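*Asks:* okay, structure incoming, though there's no sequence with it:
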């Protein structure tokens, strides 16, 4: 165990406060990647061989931003329209929940269930590493 | 609790209950399916407990269908954990689609 002198510790804490936003962004990026990778692999598994690839290409993670409550967030989802003008979000929704004309093939919720724990662990690891780099 | 308890509960609401596939179903009907695992407990190299997740979908053309409440009461009756995940309207078929997510341990 290392005991730091008062000024040294205060400086390290100050550095942590200054860099907390960047650390949060790094952690969220790594956590979101774990979840997004699983969603993507699940999606590849449920798409039909005739799929155009439009929906898969529209899948991604938004830039990480701070909301009005001061929390850092990223959203994982689908964007835009396919070549036939159908919203990719709508197609994803129908695939996930099904309809009276299409059997459901859930790929988002099972991915979240499967990765929730590992994503949180990954984020914790990133935060620990970054704090260690600040000599705290 | 076992998966067939869900089927038995849903059959108290309607006889039109399908598991996984409801191809060709007409009228108002339920289709349910298990689709994964949420939690598990391992000890001594063996899985000791496993929580399964799945969905229950009710397709109806009746506005304010009383079976919405009846399904939830049937699920409450067997003590299952569930939540209403979505309600969607299909403009082409005029079906109202209720979807619940369940979890059994």
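*Replies:* Yep, that arrived. Source: prediction; values computed, not measured.
*Asks:* looking at chain B, which residue is nearest chain A?
*Replies:* residue B:36 (4.1 Å; C-beta to the nearest C-beta). For glycine as for every other residue, the C-beta is placed from the backbone atoms N, C-alpha and C.
*Asks:* which strand residues bridge that residue?
*Replies:* For residue B:36, the beta-bridge partners under DSSP bridges are residue B:53.
*Asks:* could I get the full set of helices for the chain?
*Replies:* Reading this off chain A. A:6-46, A:54-57, A:88-97, A:109-133 (DSSP state H).
*Asks:* chain B, not that one
*Replies:* With DSSP H as the criterion, chain B has helices spanning B:3-11, B:67-77.
*Asks:* residue A:40 is nearest to which of those?
*Replies:* Nearest to residue A:40 among the helices of chain B is helix B:3-11 (29.0 Å), distances taken as C-beta to C-beta.
*Asks:* now do that closest one: which elements does it pack against?
*Replies:* strand B:17-19, strand B:29-43, strand B:46-60, helix B:67-77, strand B:96-104 (3 or more C-beta pairs under 8 Å, 6 or more residues apart in numbering or on different chains; DSSP states H and E).
*Asks:* distance to residue A:116 added to the ones you listed, as a markdown table?
*Replies:* Putting these into a markdown table (distance: least, C-beta to C-beta, whole Å) gives the following:
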| stretch | distance to residue A:116 |
| --- | --- |
| strand B:17-19 | 27 |
| strand B:29-43 | 9 |
| strand B:46-60 | 12 |
| helix B:67-77 | 24 |
| strand B:96-104 | 13 |
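*Asks:* in terms of mean pLDDT, which of those ranks lowest?
*Replies:* Looking at the helices and strands packed on helix B:3-11, the lowest mean pLDDT belongs to strand B:29-43 (a mean of 88).
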